[in-house]
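In: Need a 3D model of the sequence below.
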Amino acid sequence: MTDSATPDWEPIMRQATAIVTNRGGRTCHAAIVAREFGIPAIVGTGNAPERLTSGALITVSCAEGETGRVYPGTLPFEVRRTDLAQIERPRTKIMLNLANPELAFRESFLPNDDVGLARMEFIVTEYIKAHPMALLHPERLGEDSERRALAQLTRGYARPADFFVERLAEGIGTIAAAFHPKPVIVRMSDFKTNEYAGLLGGRWFEPKENNPMLGFRGASRYTHPAYAEGFALECAAMKRAREVLGLRDIKLMIPFCRRLEEGKAVVARMEELGRARGKEGLEIYVMCEIPSNVLLIDEFSRIFDGFSIGSNDLTQLTLGVDRDSALVAFEFDERDPGVRRMLKLAIEGSRRNGRHAGICGQAPSDYPELAAELVRLGIDSISLNPDVIIRTTLDVLSLEKELARD
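Out: The predicted model follows:
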């Protein structure tokens, strides 16, 4: 139980059997990481410290709809088993969302077509722990204790930056190796400034923003002087994973790309860094998560090879709801008619331009009816949290058979 959970809490969250927080929404950091670990989490309670007593035995349940529940004592539960060998593959590709390399080989045995979203943020916080710019410029750190911690972390490396490249490549490489020869779509970094600041040395390189969710994040960082060198390290790590480790099934994806000019600049910079689109089969996707991505999808299709709809941010920006705010969490709903219209336009636009149309946001994991709607619209792939992949696969198979009969 805590007020909220930030990236530096992940070692503690790894050991927890359940998480309850005062603040946050369904797509806040605590909720996303808890899903990655397979831990039940209830967020945005507002009064957990007053209602829960330290040391008390409780049952945390997230299996009863949208509202999580906390019960006193321990409650019995039922285990349902599915014979994976009997599951057919649907026409719509069913992919996995992953971040933790330690779970990759275990999750690879679930029925899947590939990894639709491999998040590198978890690898950075868990295995690297330091801000990439701090590794490049340790002399800018204002405290001796942080410089000593950085030196200790990177001991044995000729350059601290090599530590970042090798660790990130190995983490992504582990995920890609677990699913080889299936493709793995790796999203380049999408930390917000407050999350970056929590990394070792990060506070010396990150500005303080009133609303980091809408600030200096995603594609806008990659060619900006404040982070361009850090992005170069990310690209070097992906080059190492594809070329040195031989995992050429890796595709790259750019998050939070606001403008066409921004997209063109990032793709050009990647080419300068040896990650040219089309070279040695490299495909570069973009997250479709900002209304401008949908409205200008024909133009974005000329820059990128495919789209992955990020329903979390697309909902946030379509409805004007801060998805980290518990106060307006009731307004955040991917099933809203406005959001569903955006989803429809994104899929139709992708198909019109011969581009891959997928979704990797939280929505289809939470709402089976929305996953069904996406299938009816002709989406190419749905990327899901591991805990719902079997249920959704069976639902999609049933729907596709029904559509074939009609």
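In: give me the number of residues near residue 86?
Out: If you count neighbours by other CB atoms under 10 Å, residue 86 ends up with 6. In short, each C-beta sits where N, CA and C put it, glycine included.
In: and it, what pLDDT?
Out: On pLDDT, residue 86 comes in at 84.
In: Repeat that for residue 169.
Out: Predicted confidence (pLDDT) for residue 169: 98.
In: residues making contact with stretch 186-196?
Out: Here stretch 186-196 makes contact (CB atoms under 8 Å, 6 or more residues apart in numbering) with 6-7, 29, 117-121, 124, 131, 172, 202, 205-209, 212-213, 215-218, 221-222, 230-231, 234, 238, 250-256, 287.
In: what distance separates the start and the end of it?
Out: 19 Å (CA to CA, to the nearest Å).
In: hmm, back to that, out of the contacts of stretch 186-196, which end up buried?
Out: 6-7, 29, 117-121, 124, 131, 172, 202, 205-206, 212-213, 216-218, 221-222, 230-231, 234, 238, 250-256, 287 (16 or more other CB atoms under 10 Å).
In: how about residue 315, secondary structure?
Out: Counting by DSSP: H, G, I helix; E, B strand; the rest coil, the backbone at residue 315 sits in helix.
In: if we can go back for a sec, just the buried ones among the contacts of stretch 186-196: which are in strands?
Out: With DSSP state E as the criterion, strands contain 117-119, 250-254, 287 from among those.
In: and of these, the nearest to residue 356?
Out: Here the nearest of those to residue 356, counting by CB to CB, is residue 251; it sits at 9.5 Å.
In: Distance check, that closest one against residue 230.
Out: 21 Å (CB to CB, to the nearest Å).
In: Over to residue 77?
Out: For residue 77, the distance to residue 230 (CB to CB) stands at 45 Å.
In: In helices, which of the contacts of stretch 186-196 fall?
Out: Judged by DSSP state H, the contacts of stretch 186-196 include 29, 121, 172, 221-222, 230-231, 234, 238 as members of helices.
In: Redo those residues as JSON lines? Include pLDDT and distance to residue 369.
Out: Putting those into JSON lines (pLDDT from 0 to 100; distance: CB to CB, whole Å) gives the following:
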{"residue": "29", "pLDDT": "66", "distance to residue 369": "27"}
{"residue": "121", "pLDDT": "94", "distance to residue 369": "30"}
{"residue": "172", "pLDDT": "98", "distance to residue 369": "34"}
{"residue": "221", "pLDDT": "98", "distance to residue 369": "36"}
{"residue": "222", "pLDDT": "98", "distance to residue 369": "36"}
{"residue": "230", "pLDDT": "98", "distance to residue 369": "41"}
{"residue": "231", "pLDDT": "98", "distance to residue 369": "39"}
{"residue": "234", "pLDDT": "98", "distance to residue 369": "37"}
{"residue": "238", "pLDDT": "98", "distance to residue 369": "36"}
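In: Which residues does the residue most central in space within the chain form beta bridges with?
Out: Per CA atoms, centre = their mean, the C-alpha nearest to the average position across the chain is that of residue 119, at 4.6 Å. For residue 119, the beta-bridge partners are residue 187 (DSSP bridges).
In: And it, how far from residue 385?
Out: 12 Å.
In: Now the common contact residues for the two.
Out: Common neighbours of residue 119 and residue 385 (CB under 8 Å, 6+ apart) are residue 97.
In: show me where this structure has strands.
Out: In the chain, the segments counted as strands under DSSP E are 19-20, 41-42, 58-61, 69-72, 93-98, 114-119, 184-187, 250-254, 284-288, 306-309, 356-359, 381-384.
In: low pLDDT regions in the protein?
Out: Within the chain, the segments meeting pLDDT under 70 span 1, 3-10, 25-29, 36, 64-66.
In: The same query, at a cut-off of 80, please.
Out: Across the chain, the ranges flagged by pLDDT under 80 are 1-15, 22-38, 44-50, 53, 62-67, 324, 326, 406.
In: So which of the strands of the chain is nearest residue 341?
Out: Here strand 306-309 is closest among the strands of the chain (CB to CB), at 12.8 Å.
In: Now the closest one: buried residues?
Out: Those buried within strand 306-309 under the rule 16+ other CB under 10 Å are 306-309.
In: Likewise for stretch 98-109?
Out: 98-101, 103-104, 107-108.
In: And the furthest pair within these?
Out: Taking CB to CB as the measure, those span a maximum distance of 14.3 Å, between 99 and 108.
In: Now for the nearest residue to residue 105 once chain neighbours are set aside, how many residues are close by?
Out: Closest residue to residue 105 apart from its sequence neighbours, by CB to CB, 6 or more residues apart in numbering: residue 178 at 4.5 Å. Residues within reach of residue 178, counting by other CB under 10 Å, total 19.
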